[in-house]
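>>> Need coordinates for the following:
(2 chains)
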Amino acid sequence: MNALTTMMLLPILGTLLLAVIPSDQVLRIKQAALATTLLVAVSGVLAWFNFDSANTSFQFVQSVKWIPSFGINYAVGVDGLSLVLILMSVLLAPIVVLAGWNESEGGRWSAKVFYMLILVLETMMIGVFAATDVFLFYVIFEAMLIPIYFLIGGYGSGDRAGAAVKFLLYGLFGGLLMLAAVIGLFVLSGAHGGPTFDITKLSELHNYMSPTTQNLLFLGFFIAFAIKAPLWPLHTWLPDAASAASPGTSVLLLGVLDKVGTFGMIRFCLTLFPDASKTFTPLIITLAVISIIYGAFLAIGATDIKRLIAYTSISHFGFITMGIFAMTTQGHSGATLYMFNHGFSTAALFIVAGWMTARRGSSTIADFGGLQRVTPVMAWSFFIAGMSSLALPGLSSFVSEFLVLVGTFTRYPVAAIIATFGIVLAALYILIPVQKALHGPTTPGNENLPDLNLREKIVIAPVMAIIIALGFYPSPLLNVINPASAHVLEVQGFTDPTPTEGAGK
Amino acid sequence: MEFIAPSLNYAQLAPILIVLAGALAGVLIEAFAPRASRYSSQLFVSLFSLVASFAALVQVRTQTSVDAAMGSVAFDGVGVLLQGSILIIAVLSIFLIADQESFTALAASVPGSEEERDAVQSDLRVTEVFPLTLFAVAGMLLFPVATDLITLFVALEVLSLPLYLMAGLSRRRRLASQEAALKYFLLGAFSSAFFLLGIAYLFGYSGSITLAGIQASVIGGAGNDVFLLLGIAFISIGLLFKVGAVPFHAWSPDVYQGAPTAITGFMAAATKVAAFGAILRIFYVAIANAEWQWKPAMVVIAIITMVFGSVVAIAQRDVKRMLAYSSIAHAGFLLAGVIALSKTGLEASIFYLFAYGVATVGAFGIVTLVRDASGEVGDLNRWSGLGKRSPLLASAFAFFLLAFAGIPLTSGFIGKFSIFSAAYESGSTSILIAGVLSSAIAAFFYIRVIVLMFFKDPIEDGTSVVIPSALTTMTITVSSVLTLILGIYPAPLIDFIATTATFIR
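Now for the predicted structure:
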């Protein structure tokens, strides 16, 4: 059976398994959910080893007719880009389940519903990256909103219902714009060789489009993705959603779901509408740079630790978008690697912040203080996660941020230079909370906070290991990403600028 | 003068005739059967005749004939599909109507009178609603297959008159119900007059009352164009009134709210299928070649209808009124299929009609179950926390709302996708954009209801969900399962429609 389809089916089977376990056997439910996600992670790692990185076409391909009269297929397949993101998703899922072992308890509904939603979401996370049929992608892209909506609204804190609605409305609005563009593509494909949604066939279609059509369709897709991957000024839903959601949900939301936006920019915007992509590049690079700086400033001013992480993500997504639209192989490889690394560093930050919040009963940064002395392991975990977020050399994010900046500089030096200030600001927005929360005298009330227990240590250890290991040795990932990035650019005729020689001959 | 006996094709007319015979049998039961046995025998007769009619339809489904009744009734694929949809919706509605809780005990009694109290105490039932339903169904079956304007008018009256009565049968708030019935009747009579006027003009234009004759005149182009325009305009007013398109929608919120909910569901679903069936036949057959005369106006009406329905629905505080405005918006989407004026538009419209009709009956079925001591609770604020009281039912209602909103994996999405792509294919970009935007607006109020049901706590005011009867359960189950199946695997139905849906001229 197809590796991708199997990976998508496993969580569905897990959901069915959960459905038959009585709701009062909470431990059994959690164990079943963890076992399912671990199984999926193992099959994801297996797929990784079976993947031939030298081959740039889609692999593990499966295509079954779904709605033949519209030319719609259930078609899946991965290239290096989507494989990396799938791997990230399936590795994060068991971490999220284990890290949020008690998260489901403050919820509106039972733990059973929580884990069923997580598992359904996992199927969709794999499917959205694996889809090679635009219709299938769109269906999952939209349907994904629903489980997340219930996860935020049902198991979050604070104004969770409001945040969930805001998230859903933004998502639906973007999705409907994209629907219009999908319909446009469908009708155009019908006029030029029969209706199809196959991404490879559709990538030829731009030759038949007038510039106006191409620009409009591009915008339909791009706005949807820019809402997802929040790009300034479409980012306002993210801080609310991330601070209201439970830490585990936030990890999936920022770590995985938002990546669908940046992934979509590469897979759909660039591949389907190369000319429009070029047209809009200056605008998008500008927005990306604004996101980098603006997100960083918001983060510096944040008083709530969850909002802080959300703002840093806006800045990070600015980097990723900039790398993508720089249209250089280095920029692209950097952006893809950035997506992977951001998944793990944000996961670490959110998970540790979630533990801190749960222990302290508050998410205000000022309420912490001196945690280094009381809970050293937790404090170190947060510190390392923070350092990864500010891209300290030796940690994973440094490699990707460096690649993005180098890749951008060769084509848009000004943007790259301004974005570099984002790194300076990152040092501020991470070091200030680190100093406030971890160092200094212990704030009264924090003296007796317990340090991480065994379960929590087991959760955070692999995340830290990945962050550090990829910092020193990113080539396993880059070996898969580089050919894929080069291929994406090459197919639509984007070329790297020739290196200029120094003036002093 | 010699009398020529009309030659009728009884096999092809059987579906209509069987329902009419059932209705007449129902009248006889009302007249002669003892009161105690009426309810069960009426229910039996109704279901039996609907099922028998469906079976008769299946028998003759492959036949086509322009001459089923002396050139007044055509029998073709579109007719079979629409009649089949109407019958399925009618059976589902009869299940709801069978729950007599929402009907008055004695329709003829003055509200608040001694007579009414006696009737309630002796537990009388308005079993006459069954034959009335059957008469309406018979009219609906005839409406989309009538090929001359006189038959069309007769069918219109046969389907409308019982509905006027049925709208006034509510058990609670009888004055509002009777007001709704009167309003419906007066405005309906008014629109019938317009319809007749349109017939007269079209006859004056073409010298023929058959659709084929009018088509021939339009192609020939010899007639007086002023008559043609006036004819099209007045006939359209009559038909647009029935489907509740803006600006002929004023009756629908009041009637939807005042009528017994089971009747509202039947009316909303089945009348739409029948009326759009007739619209499709008239616009696709008789005046297709005059598209430049009517298309611009219809585009404007469609856009206004979509936007108006969606915007005004936001302000509604009553669930039935909200569904009424939502149905207005859906009428706008369906008009997009009429405007497309293509084979794909026709297929998309039929699919949409069936999917929407089924979901509508199911949704109204759920509305009948939310009650307090004095009957159904329409006030949306009192629906809050329904997800806690009755998770299954609230989930089903949420699912129907998502289908109305057109979220993927529901039938509503497939319907919306196919109808918008048909409209865009035919060149109506404005329809596509307006449709997508009003969908985004509409999503807002559907989601608000979901928020109310799931994210708000129940208020203790005696609102509760009654245990549904077996028949109501069946309707809700069948509707939700169909909505899901048509969302996940619509290919069989789409293919069936594609191979069947042709007009015979």
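>>> from here on, contacts and neighbour counts on C-alpha atoms
Noted.
>>> Just the strands from the chain, written as ranges.
You didn't say which chain, so I picked chain A. A:59-67, A:72-78 (DSSP state E).
>>> not quite, I wanted chain B
B:370-372, B:375-376, B:464-465.
>>> Chain A is nearest to which of the ones you listed?
Between chain A and these, the tightest spacing by C-alpha to the nearest C-alpha is seen for strand B:464-465, at 19.0 Å.
>>> can I get the strands of chain A in a markdown table with distance to B:Asp123?
Converted to a markdown table, the strands of chain A look like this (distance: least, C-alpha to C-alpha, whole Å):
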| stretch | distance to B:Asp123 |
| --- | --- |
| strand A:59-67 | 52 |
| strand A:72-78 | 55 |
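>>> give the contact list for the closest residue to B:Phe413 other than its chain neighbours.
Spatial nearest neighbour of B:Phe413, excluding adjacent residues (C-alpha to C-alpha, 6 or more residues apart in numbering or on different chains): B:Gly406 at 4.0 Å. By C-alpha atoms under 8 Å, 6 or more residues apart in numbering or on different chains, the residues touching B:Gly406 are B:Gly412, B:Phe413, B:Ile414, B:Gly415, B:Lys416, B:Ser439.
>>> which one of those sits closest to B:Glu114?
B:Gly412 (47.4 Å; C-alpha to C-alpha).
>>> and the gap between the closest one and chain A?
Distance, B:Gly412 to chain A, by C-alpha to the nearest C-alpha, to the nearest Å: 12 Å.
>>> For that residue, grab the count of nearby residues.
28 (other C-alpha atoms under 10 Å in any protein chain shown).
>>> Then A:Ala191?
Close neighbours of A:Ala191, defined as other C-alpha under 10 Å, add up to 12.
>>> Next: B:Ser374.
11.
>>> Next up, the contacts around the closest residue to A:Leu431 other than its chain neighbours.
Once flanking residues are discounted, A:Leu431 sits nearest to A:Gly386: 8.0 Å by C-alpha to C-alpha, 6+ apart. Applying C-alpha under 8 Å, 6+ apart to A:Gly386 gives the contacts A:Ser345, A:Leu349, A:Ile430, A:Leu431, A:Val434.
>>> Which pLDDT value does the model give the residue of chain A found nearest chain B?
Going by C-alpha to the nearest C-alpha, chain B is nearest to A:Ile67 of chain A, at 4.6 Å. On pLDDT, A:Ile67 comes in at 83.
>>> The residue lying closest to it once chain neighbours are set aside and A:Asp198, how far apart?
Closest residue to A:Ile67 apart from its sequence neighbours, by C-alpha to C-alpha, 6+ apart: B:Ala491 at 4.6 Å. Going from B:Ala491 to A:Asp198 by C-alpha to C-alpha, to the nearest Å gives 18 Å.
>>> now swap in A:Leu337 and tell me
26 Å.
>>> In terms of packing, which of those two has more residues around it?
A:Leu337 (29 against 21).
>>> could you list every residue that touches the more buried one?
A:Ser400, A:Leu477, A:Leu478, A:Ile481.
>>> got a markdown table for those, with pLDDT too?
Compiled in a markdown table, these are given as follows (pLDDT from 0 to 100):
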| residue | pLDDT |
| --- | --- |
| A:Ser400 | 86 |
| A:Leu477 | 83 |
| A:Leu478 | 84 |
| A:Ile481 | 84 |
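>>> Find me the pLDDT at residue 98, would you?
You didn't pick a chain, so chain A it is. On the pLDDT scale, A:Leu98 is placed at 84.
>>> think we crossed wires, I meant chain B
pLDDT, read off for B:Ala98, is 87.
>>> Look up how far A:Val40 lies from the closest residue to it other than its chain neighbours.
Nearest residue to B:Ala98, sequence neighbours excluded (C-alpha to C-alpha, 6+ apart): B:Leu43, at 7.0 Å. Plainly put, B:Leu43 is 53 Å away from A:Val40 if you go by C-alpha to C-alpha.
>>> which of those two has more neighbours?
A:Val40 (27 against 18).
>>> dump the residue contacts of the more buried one.
Taking C-alpha under 8 Å, 6+ apart, we find A:Val40 in contact with A:Met7, A:Leu10, A:Pro11, A:Val90.
>>> from these, which two are the most distant?
Pairwise over those, using C-alpha to C-alpha, the maximum falls at A:Leu10 and A:Val90, 11.5 Å.
>>> in terms of contact, does B:Phe417 touch A:Val182 like I think?
No. At 9.2 Å, B:Phe417 does not count as touching A:Val182 under the criterion of C-alpha atoms under 8 Å.
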